[in-house]
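Enquirer: make a model of this:
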Amino acid sequence: MNARSTVVFFLLFLNSAIHSYGQQDSIQNLYFVKKGETALFAENDYQPGKNAFYVYRNCIYNLVMKNKKEITIKVVDIRNDSIYYVTWVSQRPPEYVNRPADTLALHPSQLKKVRMIGDRILGLMSGHSLLDDDHVFQLSDSAKAFPKIVKTQLAPDSSYSITYELVPYLTAQGINRVYERSGRAYYYEGGPIPQARKDSVKKKTELETRKGVWFTPSNANNINGLNLALETMSLDNGPLTIKGVNISAGALSMFLSVYSMMAIGQGNALINMADTVDKSKMETSVRGFSVSAGGIFGETELKGVSINGGMCGVTSVKGLLITGLQNLTEEFYGVEITAIRNRSIKGGGLQVGLFNICKHLKGVQIGLWNVNSKRKLPLINWSF
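Expert: Coordinates of the predicted model:
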């Protein structure tokens, strides 16, 4: 081999070595570790714990920003000292659900807390504060990422198939899998994915009307008179309109009311509330006088006077609403009175309770602490 060939061979070898070395350390991973401590990772190094944990690509996280904004994201990549993500379907506005999600970026210094669901039925959350942690970007030859898993579901008649991605979701118990269908997220429980519920809403000409005294749940869609209810709901999830008097036990609502008190301090930040009220799924309407021992929940409209022993969580209220523990309404026009908390997106009128929260208010709030988009004040607040 002559001198020229030797030089060419050496340069090619050097370039290959540099390129190979660069590849080994060209990937960034991110971990959080308690300040002043050496990072020690458990076997499940994705789980926030006492010392350190990694942020994984292809994983859904519930996060709280330092400005109190709560976001649910799917991590796409970690690069350029940033977390790249898409907003998970549960937090996208309805009009954006079927559009490709934009990829956004945030810096770890913007984060305050990782929140993890602890009890799905009651909606209880646990949290890991990041304020006492350092964030570290680590160069590596392999990315911390969960594998992509897809499941193909055949229609009952095998005429078509749908492919679902089973996305890892960080919870207090570890990693669960969730999938998206028609703009909503569902837990994957193993086995076949349940078929989407067929539209069971009857045609207008088939709506069942009952007059006098009737009951719910039942197949009736219109009740004119007195309704005696175990729960104020339609048996087939179809439309339900009650005109007259509604008397409900609300046993399930009472159960949920008691446990909801554990989350009394959650969901009060105006920054996390929507700016508009979505009424597209509202199919139940109670017009007149309603009294419920437990309370009324769901995509429901209340017009008139409604009294609830436990909790009221409905879409729209127009009139007088008096509830024992909490009123969680998306909009109200009239008067809301409760012992503990009133919370609404929009409102016009008067809120009376220990804590009153309304993002877009035209009216007055009376209570120990009152919040609207203009100001936060004790005792009395207003916005017009």
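
Enquirer: Ser109 versus Ala52, what's the distance?
Expert: According to C-beta to C-beta, to the nearest Å, Ala52 stands 17 Å off from Ser109. In short, each C-beta sits where N, CA and C put it, glycine included.

Enquirer: what about the two, which has more around it?
Expert: Counted by other C-beta atoms under 10 Å, Ala52 and Ser109 do not tie: Ala52 has more neighbours, with 20 against 9.

Enquirer: show me what that one is bridged to.
Expert: Ala52 forms beta bridges with Val33, as assigned by DSSP bridges.

Enquirer: would you confirm that it contacts Tyr31?
Expert: Yes - contact criterion C-beta atoms under 8 Å: Ala52 and Tyr31 qualify, at 5.6 Å.

Enquirer: shared neighbours of these two, anything?
Expert: Shared contacts of Ala52 and Tyr31 (C-beta atoms under 8 Å, 6 or more residues apart in numbering): Ala39, Phe41, Asp45.

Enquirer: residue contacts, the first one?
Expert: Right, Ala39. Tyr31, Val33, Asn51, Ala52, Val136.

Enquirer: so which of those residues comes closest to Ser158?
Expert: The shortest approach to Ser158 among the contacts of Ala39 belongs to Tyr31, at 46.2 Å (C-beta to C-beta).

Enquirer: tell me the phi and psi of that closest one?
Expert: Main-chain torsions, Tyr31, degrees, to the nearest 10: phi -140, psi 160.

Enquirer: can you check Ala251 too?
Expert: The phi and psi values for Ala251, taken as degrees, to the nearest 10, are phi -60, psi -50.

Enquirer: any idea whether the closest residue to it other than its chain neighbours is helix, strand or coil?
Expert: Here the nearest residue to Ala251 in space, its sequence neighbours aside, is Gly294; by C-beta to C-beta, 6 or more residues apart in numbering that works out to 5.9 Å. Following DSSP: H, G, I helix; E, B strand; the rest coil, Gly294 is assigned to coil.

Enquirer: measure Gly294 to Thr209 for me?
Expert: Look at Gly294 and Thr209: by C-beta to C-beta, they are 27 Å apart.

Enquirer: over to Ile71?
Expert: Between Ile71 and Thr209 the distance is 45 Å, computed by C-beta to C-beta.

Enquirer: rewinding a little: which two in the contacts of Ala39 are spaced the farthest apart?
Expert: Checked with C-beta to C-beta, the contacts of Ala39 reach their widest spread between Asn51 and Val136, with 12.5 Å between them.

Enquirer: overlap in contacts of these two?
Expert: Each of Val33, Ala39 lies in contact with both Asn51 and Val136 under the rule C-beta under 8 Å, 6+ apart.

Enquirer: next, count neighbours for Leu106.
Expert: 15.

Enquirer: what sits closest to it if chain neighbours are left out?
Expert: Ile83 is the one closest to Leu106 (C-beta to C-beta, 6+ apart), at 5.4 Å.

Enquirer: what helix or strand is that neighbour on?
Expert: For Ile83, the host element (DSSP states H and E) is strand 82-87.

Enquirer: hmm, back to that, mind putting the contacts of Ala39 in a markdown table, distance to Leu228 included?
Expert: What follows is these, written out as a markdown table (distance: C-beta to C-beta, whole Å):
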| residue | distance to Leu228 |
| --- | --- |
| Tyr31 | 58 |
| Val33 | 60 |
| Asn51 | 57 |
| Ala52 | 58 |
| Val136 | 62 |
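
Enquirer: which among the residues you listed end up buried?
Expert: Buried by 16 or more other C-beta atoms under 10 Å: Tyr31, Val33, Ala52, out of the contacts of Ala39.

Enquirer: show me what contacts the first one?
Expert: What that stands for is Tyr31. Tyr31 makes contact with Ala39, Phe41, Asp45, Ala52, Phe53, Tyr54, Val55, His135, Val136, Gln138, according to C-beta under 8 Å, 6+ apart.

Enquirer: okay, and the residue nearest to it when sequence neighbours are not counted sits in which element?
Expert: Using C-beta to C-beta, 6+ apart and skipping residues adjacent in sequence, the residue nearest Tyr31 is Tyr54, 4.6 Å away. Counting by DSSP H and E, the element that carries Tyr54 is strand 52-55.

Enquirer: what's that strand packed up against?
Expert: If you count contacts as 3 or more C-beta pairs under 8 Å, 6 or more residues apart in numbering; DSSP states H and E, strand 52-55 packs onto strand 27-34.

Enquirer: and the strand it packs on, how far out from the chain's middle?
Expert: 26 Å (C-alpha atoms, centre = their mean, to the nearest Å).

Enquirer: now that strand: buried residues?
Expert: For strand 27-34, burial by neighbour count (16+ other C-beta under 10 Å) applies to Ile27, Gln28, Asn29, Leu30, Tyr31, Phe32, Val33.

Enquirer: swap in stretch 119-133?
Expert: Met125, His128, Leu130, Asp133.

Enquirer: could you report the pLDDT at the first one?
Expert: In the prediction, the pLDDT value recorded for Met125 is 81.

Enquirer: now for it: which residues touch it?
Expert: So Met125 contacts Asn62, Arg115, Met116, Ile117, Gly118, Ala172, Ala263, Gln266 (C-beta under 8 Å, 6+ apart).

Enquirer: and Met125, what element?
Expert: Using DSSP H and E, the element containing Met125 is strand 124-129.

Enquirer: repeat that for Glu336.
Expert: Using DSSP H and E, Glu336 sits in strand 331-338.
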